[in-house]
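[1] Predicted coordinates and the sequence they were generated for:
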Amino acid sequence: MIRLKDIALRAGVSVMTVSKVLRDAPDISAATKERVGRLAREMGYVPDGLAQSLRTRKTRLIGVVISTIMNPIFARVLTAIEQRAFEQGFDVVFCQSFNQVEREERVIHRLLERRVEGLLVSPVYRLEPDAPIYQHLQDRQVPTVILGHSAPFCRQFVPVETDDLQAGYEVASHLIQLGHRRIAFLSGPLQAPWAQERIEGYRRALREHQIPTEDRWVFQAGTTIEEGSRAVEQLLAESAAPTAIQAVNDLVAMGAGQTLLARGCRIPEDISLVGFGNFMASEFFRVPLTTVRQPKMRLGQAAMDALIALMAGRPVEPKRLPAELIIRDSSGPPARNPTDR
C-alpha cells in the first residue's frame, strides 16, 4: 500500500506538503500541487476514505430509499441522482423498502448508522398522520427530500414530485376529445397521494365536460400487471361496457390490455386504453400505449439539487414538475357514440 511518506520521498517534499496537496490546501503552489498530485496518481495512491471521514466528520455519502429497483420509474431517477451526486463529489447508497413500513424504518436507521449526510426518500405511504421514523429524522435535523408527493406523516420535508393531477386531467381530456363518454378508471393504492391525484384529474375532466362521475366506472387495480388483469376481469364481469379505460400506470394498463386482447377485444377499435408513466415496455406493447411521460431524469436531478442546497443550509421550496401526454396507437375514437347510462 502506497503511503504519504512514500510519495513525499519520491517528490522530495515533506509528508505535510503531500497531505496538503491531497487536501487541496490553499497555501500550496499550483506547480507543486500538479507535480505531487501527478506522482501520487502514477504511484497508485488511494486515499483512506474512512480516515478522512473521521478527520473531517464528513462521509460524502447520500442515502436513497426507494420502494424497489424493479419499479421502472426508479431506474432513470436513480441514474440522474447518481450523476448529479458524482458531479458534487458524493457517493450514493441506496436501499429498498419494498413498500413495507418496518423495512423502511430499518433501512433509514442503517443509513444513519453509516453517517449519510442527507437522505432522498420515496415514502411508504400510510394513512396514519404521523410516522416515528420521519419525526426521528426531523429531531436529528437530517437534511431530507421526499422523492414524490408529500403526505401528512412526512409534511415537514420538502417534496419533489410530478404534477399527477394535471396529467390525469390531460389523459381524460384526450379521451373525451376523441368522443368517449364512458371512461373507466383503474385506480391505484388508496393511501398513495400520486394515485389520488391521477383519479382526481380524471374526475375533474369529466366534471368539466358535464359527464357524470360514477363509482361504477372506477375499479381498484393496484400497481402491477397482474392487478391490472384482475381489475379488467372484474370490469368485464360487471358488464360496465366502457369505450375507454384510463389506467393508473403503464403496468396496470398492460395487464388490462393483455386480458382484453385475449378476450378478442381490439385496441383501440373496440376499446381505447391509456396508461401512465411511459415505462420502456409501454412503447413496445402489442398495441403501443398512449401514456404520460414522467420527467424521471429531471425529478432525480431536482431532488439531488434540493438536497445539496439543504445540506449547505440554503432554503428550498417544494418542486412540482409537469408531465407530458404521449399519444400512440392504443387510443382512438369510439366505434360508436353510445348514450350515457
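    Yep, that arrived.
[2] can you tell me the average pLDDT over the host helix or strand of residue 306?
    For residue 306, the host element (DSSP states H and E) is helix 296-311. Regarding helix 296-311, the rounded mean pLDDT is 96.
[3] so what does it touch, helix or strand wise?
    On a contact count with 3 or more CB pairs under 8 Å, 6 or more residues apart in numbering; DSSP states H and E, helix 296-311 meets helix 72-87, strand 118-121, strand 144-147, strand 158-162, strand 319-321. Where C-beta positions appear, they are placed from N, C-alpha and C, glycine not excepted.
[4] right, and those - which one's nearest residue 177?
    Closest to residue 177 of those, according to CB to CB: strand 158-162, at 22.3 Å.
[5] thinking again about what came up before, buried ones in the helix holding residue 306, by neighbour count?
    296, 298-310 (16 or more other CB atoms under 10 Å).
[6] if we can go back for a sec, please name whichever of the helices and strands packed on helix 296-311 is nearest to residue 179.
    Residue 179 lies closest to strand 158-162 among these, at 27.9 Å (CB to CB).
[7] Give the other helices and strands that the closest one contacts.
    Partner elements for strand 158-162 (3+ CB pairs under 8 Å, 6+ apart): strand 144-147, helix 296-311, strand 319-321.
[8] redo that, cut-off 6 Å
    With contacts taken as 3 or more CB pairs under 6 Å, 6 or more residues apart in numbering; DSSP states H and E, strand 158-162 sits against helix 296-311, strand 319-321.
[9] Please spell out which residues along the last one are buried.
    Under the neighbour-count criterion of 16+ other CB under 10 Å, strand 319-321 has residue 319 buried.
[10] what element comes up after it heading to the C-terminus?
    Once the chain leaves strand 319-321, the next helix or strand it forms, by DSSP H and E, is strand 324-326.
[11] buried stuff in that following strand?
    Neighbour counts over strand 324-326 (16+ other CB under 10 Å) mark 325-326 as buried.
[12] other SSEs contacting that strand?
    The contact analysis (3+ CB pairs under 6 Å, 6+ apart) places strand 324-326 against strand 291-293.
[13] Buried ones in the strand it packs on, by neighbour count?
    Along strand 291-293, these residues count as buried under the neighbour rule (16+ other CB under 10 Å): 291-292.
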